[in-house]
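*Asks:* make a model of this:
(one chain, ligands or ions: 1)
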Amino acid sequence: MATPNAPQGSGQEDVNANTTVAFLGPLNTYSHQATKIAFPDPKWKLEPTGTIKEVFDRVQSGHAPYGVVPFENSTHGTVTFTLDNLADRGGEYADIVVCDEVYLDVHHFLLGRLPPTPSSSSSSSASPPPPSPPPPHLTAQHAVASGSEEKRGTPLADLSHIRRVYSHPQAFGQTGAFVRRYLPHAETVEVSSTSRAAVLAAEDDTEGGMSAAIASEWAGRGVGLDVLARWIEDREDNTTRFFVLRRRGDEKEGGGKGEGDGKGEGDGDGKGDGDAYGGGKYKSLVSFTVPHRRPGALVDVLDCFRRRSLNLTSISSVPSLVGPFQYLFFVEFEGSRFDDPEGRVGGVLEELERVAEQWRWLGSWRNRRREGGSL
Ligand SMILES: O=C(O)C(=O)C[C@]1(C(=O)O)C=C[C@@H](O)C=C1
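*Replies:* Down below sits the predicted model:
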């Protein structure tokens, strides 16, 4: 497979543009970790952005041939920022497709400053954490990354000095039980990423450090915050799935990330090794709208997949913005446009042209979760 072309046209192209991978920054976000998994080779220039939308912008403009965005979390569901951009209701991202996926185990930390000691402040009466036992889903024993065996989800210090907690909305959605139990007195403030949250907490120079962040251990280390609690996610199996984006144009390659990505895999090489469908070797994503007032219009679309025995792995929807309470649907299914020995995927796409109002193929890529059996 060839590495995608450098952007054309301006004559002022960034010399690094053909090796740039955009991700939601700043450094040490979960998106950064996922990007390092997908692009381990040092040849890739990993470039942080301020928002998920900027990742789409950089891939669409050709500034970055690839981008990595969170798509869904096993606890909190779809990442709406990503779905909104994939929906592309403004027609800005016509060339963007998904070409790979990454699953990342997500373990959140509460990061801040340890409470003032009794000698340094009269307000620190050092009341211990509430005596009643924590809820069952926060009590499982874990050897945490550092090697210690503190209980997951249990404060390591008194948290009464924390007045404000910063994090990304997805991370708040994954740690609700901890926040409700141990930080009911604190204001929660949503920010653009968990690493940004750590930066803001570190910048709080009020006496005793009244701000904390929910972020990864690495984000906290990067800005010198103390660990106030480890593994505070509601569920032990908390996992986020990320999409790797690229520009449309090398479709015949069938996704993958081009030569020299350090993996040497020929995704979608058309050789048909194994069952490309039922075995779940690949997944594909389409978006579509249906005539809003026609009974059975959505069923007609889904029936295209059923009749070809193409297994659906997710369905999502966002407002289409055509009219109030009308929707644009996303369907993800097992199969690839590029390894389609029986023409089933091709057949579905042809039929979508007839039964959907508007539709778009958004990519085919290798299924990275075949062994997990979680689909
Ligand atoms: O804020 C970050 O660190 C991100 O990379 C974003 C994000 C998300 O949007 O889902 C990524 C993984 C976690 O689920 C929480 C936050």
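
*Asks:* all contacts plus neighbour counts: C-alpha atoms, from now on.
*Replies:* Noted.

*Asks:* how about the secondary structure of Leu46?
*Replies:* strand (DSSP: H, G, I helix; E, B strand; the rest coil).

*Asks:* can you count the residues close to it?
*Replies:* By other CA atoms under 10 Å, 23 other residues sit near Leu46.

*Asks:* my guess is it contacts Asn18, does it?
*Replies:* No - at 11.5 Å, Leu46 and Asn18 do not qualify as touching, with contact defined as CA atoms under 8 Å.

*Asks:* and Arg369, that one's in a strand?
*Replies:* No - with three-state DSSP as the criterion, Arg369 is assigned coil and is not in a strand.

*Asks:* what's the pLDDT at it?
*Replies:* pLDDT for Arg369: 89.

*Asks:* for it, the count of nearby residues, please.
*Replies:* 16.

*Asks:* mind listing the helices for the stretch 201-350 of the chain?
*Replies:* 217-222, 297-307, 344-355 (DSSP state H, counting those that start in this stretch).

*Asks:* what ranges does the stretch 151-300 of the chain have for its strands?
*Replies:* With DSSP state E, counting those that start in this stretch, the ranges of strands along the stretch 151-300 of the chain come out as 164-167, 187-190, 211-215, 226-229, 239-247, 282-289.

*Asks:* so which of the ones you listed comes closest to the ligand?
*Replies:* strand 239-247 (5.1 Å; CA to the nearest ligand atom).

*Asks:* among the helices of the stretch 201-350 of the chain, which comes closest to Ser320?
*Replies:* Closest to Ser320 of the helices of the stretch 201-350 of the chain is helix 297-307 (CA to CA; 14.2 Å).

*Asks:* from Ala22, how far out is the residue nearest the centre of the chain?
*Replies:* Residue closest to the mean C-alpha point of the chain, counted by CA atoms, centre = their mean, is Pro70 at 1.4 Å. Pro70 is 12 Å from Ala22, where distance means CA to CA, to the nearest Å.

*Asks:* Leu200 and Arg230, how far apart?
*Replies:* Taking CA to CA, one finds Leu200 at 19 Å from Arg230.

*Asks:* between the two, tell me which one has more neighbours.
*Replies:* Ranked by neighbour count (other CA under 10 Å), Leu200 and Arg230 place Arg230 first, with 24 against 18.

*Asks:* who are the contact partners of the closest residue to that one other than its chain neighbours?
*Replies:* What sits nearest to Arg230 in space, not counting adjacent residues and going by CA to CA, 6 or more residues apart in numbering, is Phe109, at 4.7 Å. Counting by CA atoms under 8 Å, 6 or more residues apart in numbering, Phe109 touches 213-217, 227-232.

*Asks:* let's see that with 7 Å instead.
*Replies:* Residues in contact with Phe109 (CA atoms under 7 Å, 6 or more residues apart in numbering) are 214-217, 227, 229-232.

*Asks:* list phi and psi for it.
*Replies:* phi -120, psi 150 (degrees, to the nearest 10).

*Asks:* cool, and Asn85?
*Replies:* phi -70, psi -40.

*Asks:* the closest residue to Gly25 other than its chain neighbours pairs with what?
*Replies:* Distance criterion CA to CA, 6+ apart; nearest residue to Gly25, sequence neighbours excluded, is Pro48 at 4.3 Å. Beta-bridge partners recorded for Pro48 (DSSP bridges): Phe23.

*Asks:* how near is Pro48 to the ligand?
*Replies:* Pro48 sits 10 Å away from the ligand, going by CA to the nearest ligand atom, to the nearest Å.

*Asks:* now do Gly222
*Replies:* Distance from Gly222 to the ligand, by CA to the nearest ligand atom: 13 Å.

*Asks:* per-residue confidence at that residue?
*Replies:* Reported pLDDT for Gly222: 93.

*Asks:* that one: neighbour count?
*Replies:* Using other CA under 10 Å, Gly222 has 14 other residues around it.
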